[in-house]
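[1] Starting from these lines, generate the structure:
(2 chains)
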There are 2 protein chains.
Amino acid sequence: MTKLSKRSEAVALSPIRKLAAFADEAERKGRKVHYLNIGQPDIKAPIEAIEKLTSTEFGVLKYCPSKGLTSYRNKLPTYYKRFGISIQPEDILITIGASEAIYLSLMACADPGDEIIIPEPFYANYQGFSTMAGLHIHPINSSIKDAFALPSVTDIEAAINDRTRAIMLCNPSNPTGYVYSKKDLNALAKIVAKHDIYLIVDEVYREFIYSDQEFYSALELENVSDNVIVIDSISKRYSACGARVGSIISRNHKFLSAVLKYAQFRLSAPLFGQILAEAAIDIQGSYLTEAVEEYNRRRLHLYNRLKAMPGVTCYLPEGAFYCFVELPIDDSDRFCQWLLESFEYKGQTVMLAPGSGFYASPGLGKKEVRIAYILNTNDLEKSMDCLEHALLQYPGRTIIN
Amino acid sequence: MTKLSKRSEAVALSPIRKLAAFADEAERKGRKVHYLNIGQPDIKAPIEAIEKLTSTEFGVLKYCPSKGLTSYRNKLPTYYKRFGISIQPEDILITIGASEAIYLSLMACADPGDEIIIPEPFYANYQGFSTMAGLHIHPINSSIKDAFALPSVTDIEAAINDRTRAIMLCNPSNPTGYVYSKKDLNALAKIVAKHDIYLIVDEVYREFIYSDQEFYSALELENVSDNVIVIDSISKRYSACGARVGSIISRNHKFLSAVLKYAQFRLSAPLFGQILAEAAIDIQGSYLTEAVEEYNRRRLHLYNRLKAMPGVTCYLPEGAFYCFVELPIDDSDRFCQWLLESFEYKGQTVMLAPGSGFYASPGLGKKEVRIAYILNTNDLEKSMDCLEHALLQYPGRTIIN
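    From the prediction side, this is the model:
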C-alpha cells in the first residue's frame, strides 16, 4: 500500500469547501441549497470585458510571460492611479488568482519553521497555504465584541520573535468585514520597519467599503516600500472568480524576483483571464458603484435579519461581503453539516462556513460561522428564513425555545 | 532590510526561462530571435474549441469545483477510451496545467527530505517543483550514446532507499524525445509494486510519437492502480499552452483526496480554459494527425541539419518535440547567453535551453542544449543557419575551424 505524505494527512480541509459533498447530497435529494459559504457573488462580470475576450481572434494560445501578459502589466497602474496610488509595471507580478499570490509570497519571504503573525479570525486558506509552505501562523486574537477590530499593537509587537517573517492581514477583512484604518496601517508599518519583516496585505475586497471611511491601501504607506506586499485579484472586483487572475504588487524588486523564480516553474498565468482582466481596467463608474450599492443592501438586510434572531451575536460589517456571526449552538462544524444533511425548510437549506477553520488557536470559533452576503436579497431572505428555523430546530441549540 | 527565504535564494532558475531578459534585450536591439528554448508550438489551437469558448454566453464567472468542471471531468474519459483506456470521472482531478499537477502530486506523496527517482536529463521544472516541496531528486543517468533510453532497471532499483517515495518520468520524454516502451513500463511497475512507491508518469506529449512504436500509457499497467499517477495536459495536444489546463489521473482515490485538499486552497482551475478543453475532446482525426505530421517534418529537418554540423552529436528523437543535443562548446550556459548577447546572423539569432538545468547531477549537461522543434520548417531552417554559424564563431568552441 502506497503512503501519503504526512503533510497531506496533517493539512486541514478548507472550511469553505469541506462540506461540498454534503451539499451535493442535499441537492441530489432535491433540496435547494443557498450557498453562503463561499465568496462567489451572483453579480455578472462586466459585459464589456467579456465581449473583449469573446471577440478576440485567437490563433496560437501561447504561454504568457511568467510575470504576466505585458500589455496587462503595463495598463494595470492606471487602475491604482484612480486612487492616487503610483505603481509601475515593474512592481507587478500577475498570478493565478490571489490564492497563488499569497502562496508564492509566503514561499519567497519565509522558510519552513518560520512564523507569520495574522489577526484571527482570518481567511481560512491562509492556514492551508502556510501549512503547505511549512510555516507556523502566530495568531493574534480579535473579538466579535468590537467587530473584530485590529488587536492592540502592543500585543502584535510582543508576538514577534526571531522566526517572524511577516504580519499578514486582509483589508477589508475576509471573514469579518473589518476595515483597517490609516491609523491601524501606520501603526503596523512602524512595527514591520523596526523589525525588518514584511507586511502582507490582501486587498482583494478594496472596492467594497460601505461606511464613509475611505479605504487606505498599504501601497500608500511611506518609508516601508521594502516591507509592503499587496495581494490583489479581479475575482471579487469584477465578479470574475473563475478567470483566476490575481497579482502581487510590491516596490521591493528583490522580493518580486524571488517570487518570479517560482512563477517561472509554472510558466504562465491563464491567457484568457488576463485578456478579460486587462479589458476590465476600463470599467469605471456605474458597474462598481452599483455592485457596492447592491452588496450594501444585502449587508443591511442580513444584519437586520440576524439581529432579530434570539441568541445571535452580530455587528454591522463595514467592508468586504462577509459577516462573522456567533450563533446559539454547541458546535458550528456539526451545525453546518446538520443544515445540509438533516434540515430543510420549504425544500431549502443553507450552506455556511464553520468558524473554527478561520482560527489558528485551537477551540476558538466553535459557535461562529462566516456568512457571505453574496446572493440577491430575495435568496438571502430565504436563506435567513432557513437559518432562523434551523436555530429553533437544531438539536445542539443552546437556547431552548 | 527585509530578508528573502533561504529556499528562494537556493532554488535554481528555470533553464527554459532564465535567459528571457537577454532575449528581450536582443529584440530591443532589433534582432529577430527564434525561440527554440520553450515548448511553445506555433500551431493554432483547434478552431472548433476556440469557437465553443467565444460563443459561450457568460454571465457570472464562477469558481469551478476544485476537482474541475463537472461536465469536463465527465467527458474526459471518452478521450482515453479511444486508446482503449478505461478511466472514470472519479479518477480525474483537473489542474492549472501539468505544472500544478506535478507540484501537487509531489506534495501529496512525499514529505520534506524524501526522495524522488528520475532518469536524467529530465524536464527542468521537476527540479524546481521538487525544491519547492522540499524533496531531493535522486537522478539516474541516461546517455546520449543510446538516445537517452531508460537506464538499467537494476540501477534504478538500487537507488531506492527508505526515503524514496516515487519514480517519476516523462513519456515521451521532454527533453530527450525518448519513448518508454511497454517493456520499460512493466519493469518499472514491478519495482514500484515491490517497494510500495508511486510511479508518476507525465504523458503530456502522448500524441507525439513518430516511430511505428505504439504509445503505452501507464494507465494500461495492470495490478499497480494504487501506485500509478498520470499527469496530462491540453497544452501540447491542442497547442493551448496559455489555457492552463492539466490533469492528474489516478485510480488511487486516497491519493486524489490528498491532492484535493491542496486544490481546495486554490479554489478553482481556470473556467475559460476548461470550457475550451471540454470542447477539444471532440477533436479527432485530421487536427491531430496533421500536427503530428508537421512535427515529424520539423524533426527530420532538424535532425538532418544537426547531423551535418561538425562536432555535433545528435540522434533521431522518437517522440515529443525536443532533441537533446551535444555541441562542440565549452559551456552551454555561456553559449546560450552569448547567442542572445553577442551573436547575429542576417539580423537573427536563436534561443536554446542550456543543458545543465536538465540534470540534478552537478557538472553534467555542460555541452548539451535542448532544442524544441516547435517552429515551422522555414523558421527552423533560419534557426539552424544561425546555430551553424554560431558554432563557427563562438569563442568557446572546442573544434577550431
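
[2] Which residues of the stretch 251-400 of chain A lie near chain B?
    A:252, A:254-255, A:258-259, A:261-262, A:264-273, A:276 (CB under 8 Å from any CB of the partner chain). (C-beta placed from N, C-alpha, C; glycine too.)

[3] Could you tell me how many residues sit around residue A:110?
    Using other CB atoms under 10 Å in any protein chain shown, residue A:110 has 28 neighbouring residues.

[4] Residue A:67 too?
    23.

[5] where does it land in three-state SS?
    Following DSSP: H, G, I helix; E, B strand; the rest coil, the label given to residue A:67 is coil.

[6] Name the nearest residue to it, sequence neighbours excluded.
    What sits nearest to residue A:67 in space, not counting adjacent residues and going by CB to CB, 6 or more residues apart in numbering or on different chains, is residue A:93, at 5.3 Å.

[7] hang on, that neighbour in a strand?
    Yes. The assignment for residue A:93 by three-state DSSP puts it in a strand.

[8] Following element in sequence after the helix or strand harbouring residue A:302, please.
    Assigned by DSSP states H and E, residue A:302 falls within helix A:286-307. Sequence-wise, the next helix or strand downstream of helix A:286-307 (DSSP H and E) is strand A:322-326.

[9] mind checking how far that next one is from the chain centre?
    Centroid separation for strand A:322-326 versus its chain: 14 Å, with CA atoms, centre = their mean, to the nearest Å.

[10] Name all residues that make contact with residue A:221.
    Residue A:221 sits next to A:185-186, A:189, A:199, A:228 when contact means CB atoms under 8 Å, 6 or more residues apart in numbering or on different chains.

[11] What number of residues are in the vicinity of the residue in the stretch 251-400 of chain A that chain B sits nearest to?
    Nearest residue of the stretch 251-400 of chain A to chain B, counting by CB to the nearest CB: residue A:271, 3.1 Å away. Here the count is done by other CB under 10 Å, and residue A:271 has 24 residues near it.

[12] do you know how far the most centrally placed residue in chain A is from residue A:235?
    Geometric centre of chain A, nearest residue: residue A:174, 4.6 Å, by CA atoms, centre = their mean. As judged by CB to CB, to the nearest Å, residue A:174 and residue A:235 stand 11 Å apart.

[13] which residues in chain A form helices?
    Here chain A has its helices, by DSSP state H, at A:6-10, A:20-28, A:47-54, A:70-75, A:77-81, A:97-109, A:125-132, A:153-158, A:182-195, A:253-265, A:271-280, A:286-307, A:332-341, A:377-393.

[14] Thought residue A:259 was touching the residue nearest to residue A:67, still the case?
    Yes. Using CB atoms under 8 Å, residue A:93 is in contact with residue A:259, at 5.6 Å.

[15] Show me the common contact partners of the two, please.
    residue A:248.

[16] Same list (the helices of chain A) but as CSV, adding mean pLDDT.
    Putting the helices of chain A into CSV (pLDDT from 0 to 100) gives the following:
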stretch, mean pLDDT
helix A:6-10, 91
helix A:20-28, 94
helix A:47-54, 97
helix A:70-75, 98
helix A:77-81, 98
helix A:97-109, 98
helix A:125-132, 95
helix A:153-158, 93
helix A:182-195, 97
helix A:253-265, 96
helix A:271-280, 98
helix A:286-307, 95
helix A:332-341, 97
helix A:377-393, 96
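
[17] would JSON lines of these with distance to residue B:40 be doable?
    Formatted as JSON lines, the helices of chain A follow (distance: least, CB to CB, whole Å):
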{"stretch": "helix A:6-10", "distance to residue B:40": "32"}
{"stretch": "helix A:20-28", "distance to residue B:40": "36"}
{"stretch": "helix A:47-54", "distance to residue B:40": "21"}
{"stretch": "helix A:70-75", "distance to residue B:40": "15"}
{"stretch": "helix A:77-81", "distance to residue B:40": "28"}
{"stretch": "helix A:97-109", "distance to residue B:40": "21"}
{"stretch": "helix A:125-132", "distance to residue B:40": "29"}
{"stretch": "helix A:153-158", "distance to residue B:40": "46"}
{"stretch": "helix A:182-195", "distance to residue B:40": "40"}
{"stretch": "helix A:253-265", "distance to residue B:40": "14"}
{"stretch": "helix A:271-280", "distance to residue B:40": "12"}
{"stretch": "helix A:286-307", "distance to residue B:40": "35"}
{"stretch": "helix A:332-341", "distance to residue B:40": "45"}
{"stretch": "helix A:377-393", "distance to residue B:40": "45"}
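
[18] Could you pick out the residues of the stretch 51-200 of chain A near chain B for me?
    So the stretch 51-200 of chain A meets chain B at A:53-56, A:58-66, A:96-97, A:99-100, A:103, A:107-112, A:114, A:125, A:128-129, A:132, A:134, A:165, A:196-198 (CB under 8 Å from any CB).

[19] Repeat the analysis, applying 6 Å as the threshold.
    Residues of the stretch 51-200 of chain A lying close to chain B by CB under 6 Å from any CB of the partner chain are A:54, A:58-63, A:96, A:99, A:108-111, A:125, A:128-129, A:196, A:198.

[20] buried subset of those?
    Buried members of those, scored by 16 or more other CB atoms under 10 Å in any protein chain shown, are A:54, A:58, A:61-63, A:96, A:99, A:108-111, A:125, A:128-129, A:198.

[21] ok, back up a step: right, and the residue of the stretch 251-400 of chain A closest to chain B touches residue B:242 too?
    Yes. The pair residue A:271 / residue B:242 is scored as a contact, 3.1 Å apart, by CB atoms under 6 Å.

[22] tell me the domain ranges of chain A?
    A:6-44+A:286-393, A:62-280 (automatic domain parsing).

[23] Out of those, which one sits most buried?
    domain A:62-280 (a mean of 21; mean count of other CB atoms under 10 Å in any protein chain shown).

[24] rewinding a little: surely the residue nearest to residue A:67 is in contact with residue A:255?
    No. Between residue A:93 and residue A:255 there is no contact under CB under 6 Å: 9.6 Å.

[25] can you pull the contacts of residue A:124?
    A:14-16, A:357-358 (CB atoms under 6 Å, 6 or more residues apart in numbering or on different chains).

[26] TSV for those residues, including pLDDT?
    Below are the contacts of residue A:124 laid out as TSV (pLDDT from 0 to 100):
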residue	pLDDT
A:14	80
A:15	79
A:16	78
A:357	92
A:358	96
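
[27] Can I get those residues in a markdown table including distance to residue B:306?
    As requested, the contacts of residue A:124 are exported to a markdown table (distance: CB to CB, whole Å):
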| residue | distance to residue B:306 |
| --- | --- |
| A:14 | 50 |
| A:15 | 56 |
| A:16 | 53 |
| A:357 | 56 |
| A:358 | 58 |
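
[28] Which ones among those residues lie within strands?
    Among the contacts of residue A:124, no member falls in strands (DSSP state E).

[29] between those, which is closest to residue B:380?
    Distance to residue B:380 across these (CB to CB) is lowest for residue A:14, with 47.0 Å.

[30] So the closest one sits against residue B:263, correct?
    No. In this structure, residue A:14 is not within contact of residue B:263 by CB under 6 Å, at 9.5 Å.

[31] now, among the contacts of residue A:221, which is nearest to residue A:220?
    residue A:185 (8.2 Å).

[32] And that closest one, how far from residue B:237?
    Counting by CB to CB - residue A:185 and residue B:237 are separated by 48 Å.

[33] do the same with residue A:209
    45 Å.

[34] Was I right to think residue A:355 contacts residue A:332?
    Yes. Using CB under 6 Å, residue A:355 is in contact with residue A:332, at 4.9 Å.
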